[in-house]
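Undergrad: Turn this into a model:
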Amino acid sequence: MQCLEMTTKRKIIGRLVPCRCFRGEEEIISVLDYSHCSLQQVPKEVFNFERTLEELYLDANQIEELPKQLFNCQALKKLSIPDNDLSNLPTTIASLVNLKELDISKNGVQEFPENIKCCKCLTIIEASVNPISKLPDGFTQLLNLTQLYLNDAFLEFLPANFGRLAKLRILELRENHLKTLPKSMHKLAQLERLDLGNNEFSELPEVLDQIQNLRELWMDNNALQVLPGETTNSVINQCKSMKLWPLHCYSRQLQYYLKSQLSNSSEPSPAQSFFLPSFFLFTGINPKNLSQKFLFVSISQGTQCVILLNL
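TA: Take a look at the predicted model:
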């Protein structure tokens, strides 16, 4: 470890950690980065700066547990520990009352502790690629949360009062086992992006009709049995810039859907069609609304979707 000698008080940002042999005034360490260092535990040097440390990066190591001393760093605002070997998130995380961003993706964490609710400043949580099967009720008390990423987990349902997270703008729940959404989600008035791809929905959840500011919706690779109807059209009309309706159905059904939704008598005239590797793209214009264009995508593996764009 490199030894730094300091004679004035200043802020240190970077990977270098000064050892305790320096002379002069106290160091103010706010950011430490130990990413890709083949660590098996959190370095003890971290605890020397528990009063001033605001960001800690431990990405891509082999850390199996977080020591209690880490949670004495109460000034910590960002904790990044993706791609490690964590099996749990200790209850002592409740001490990090100033934490704003938490990244525990690509670990083996099975659940959030109930007292995660004490981290009331959290705005971003990235917990994708963990075997998390459910969220505790306390999770819905994180009222400042704006972005939540829980892709590739084991979620089968969301808490009934999930709608309390009213500040959510981005919600990604791709590759889970969800079949329904709680009715309280109509309260997510600021939600703009919702990714529900690769789940087990057999129909589009009715609650989507009530999310007023939704701009982007992904429903690809589900088990949709019914093509969008009146409820879905209402959702489409509410979206301001982009509506994405991926469907698992046969091309004939999609052609019929396009005919019935975009024209009463004839198929929409293609404005352009072209091939890409593994993709066939078909674009056209809604004859009822010339400002609305659609894009039909057929992927070789059988995944198909309709994208409607308001220009």
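Undergrad: Tell me which stretches of the stretch 101-250 of the chain form helices.
TA: 230-238 (DSSP state H, counting those that start in this stretch).
Undergrad: Can you list the low-confidence ranges for it?
TA: 226-250 (pLDDT under 70).
Undergrad: all strands of it, in order?
TA: 101-103, 124-126, 147-149, 170-172, 193-195, 216-218, 242-247 (DSSP state E, counting those that start in this stretch).
Undergrad: In JSON lines: these, plus distance to N88 and mean neighbour count.
TA: (Each C-beta comes from the backbone N, C-alpha and C, glycine too.) Below are the strands of the stretch 101-250 of the chain laid out as JSON lines (distance: least, CB to CB, whole Å; neighbours: other CB atoms under 10 Å):
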{"stretch": "strand 101-103", "distance to N88": "14", "mean neighbour count": "20"}
{"stretch": "strand 124-126", "distance to N88": "16", "mean neighbour count": "19"}
{"stretch": "strand 147-149", "distance to N88": "19", "mean neighbour count": "20"}
{"stretch": "strand 170-172", "distance to N88": "23", "mean neighbour count": "19"}
{"stretch": "strand 193-195", "distance to N88": "26", "mean neighbour count": "21"}
{"stretch": "strand 216-218", "distance to N88": "30", "mean neighbour count": "20"}
{"stretch": "strand 242-247", "distance to N88": "35", "mean neighbour count": "20"}
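Undergrad: So which of the ones you listed is nearest V207?
TA: Nearest to V207, of all these, is strand 193-195, at 10.6 Å by CB to CB.
Undergrad: and the gap between the nearest residue to E65 once chain neighbours are set aside and S133?
TA: Residue nearest to E65 in three dimensions, not counting chain neighbours: L86, with 6.8 Å by CB to CB, 6 or more residues apart in numbering. Distance, L86 to S133, using CB to CB, to the nearest Å: 16 Å.
Undergrad: and what of L224?
TA: Taking CB to CB, one finds L224 at 24 Å from S133.
Undergrad: The two: which has the busier surroundings?
TA: Taking other CB atoms under 10 Å, L224 and S133 do not tie; L224 has more neighbours (18 against 14).
Undergrad: Verify the stated contact: that one with S202.
TA: Yes. Here L224 reaches S202: they are 6.5 Å apart, a contact under CB atoms under 8 Å.
Undergrad: and K77, what does it touch?
TA: Each residue near K77 by CB atoms under 8 Å, 6 or more residues apart in numbering is listed here: 54-55, 98-101, 121.
Undergrad: let's see it at 10 Å
TA: The contact partners of K77, taken as CB atoms under 10 Å, 6 or more residues apart in numbering, are 30, 53-56, 96, 98-101, 121, 123.
Undergrad: Which of the residues you listed fall in strands?
TA: Applying DSSP state E to these, the entries found in strands are 30, 55-56, 101.
Undergrad: Kindly reformat those residues as JSON lines containing distance to P113.
TA: As requested, those are exported to JSON lines (distance: CB to CB, whole Å):
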{"residue": "S30", "distance to P113": "27"}
{"residue": "E55", "distance to P113": "22"}
{"residue": "L56", "distance to P113": "19"}
{"residue": "E101", "distance to P113": "18"}
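Undergrad: Hmm, D137 is touching L158, no?
TA: No. Using CB atoms under 10 Å as the test, D137 is too far from L158 to be in contact (11.0 Å).
Undergrad: the more surrounded of the two?
TA: Ranked by neighbour count (other CB under 10 Å), D137 and L158 place L158 first, with 23 against 14.
Undergrad: ok, for the more buried one, nearest residue in space, not its chain neighbours?
TA: The nearest residue in space to L158 (CB to CB, 6+ apart) is P182, at 5.4 Å.
Undergrad: How many neighbouring residues does the closest residue to L99 other than its chain neighbours have?
TA: In space, and not counting its chain neighbours, L99 is closest to C119: 5.0 Å by CB to CB, 6+ apart. Residues lying near C119 (other CB under 10 Å) number 24.
Undergrad: Give the full set of residues in contact with C119.
TA: 79, 93-100, 102, 112, 125, 138, 141-142, 144-145.
Undergrad: Could you check how far it is from A94?
TA: 7 Å.
Undergrad: and what of A153?
TA: On the measure of CB to CB, A153 and A94 end up 22 Å apart.
Undergrad: out of those two, which sits in the more crowded spot?
TA: Between A153 and A94, counting by other CB under 10 Å, A153 is the more crowded of the two (24 against 17).
Undergrad: That one reaches I132, doesn't it?
TA: Yes. With contact defined as CB under 10 Å, A153 counts as touching I132 (4.4 Å).
Undergrad: what is in contact with these two at once?
TA: 109-110, 176.
Undergrad: how long is stretch 179-199 from one end to the other?
TA: Start-to-end span of stretch 179-199 (CA to CA, to the nearest Å) is 7 Å.
Undergrad: Now the common contact residues for C119 and A94.
TA: Counting by CB under 10 Å, 6+ apart, the common neighbours of C119 and A94 are G138.
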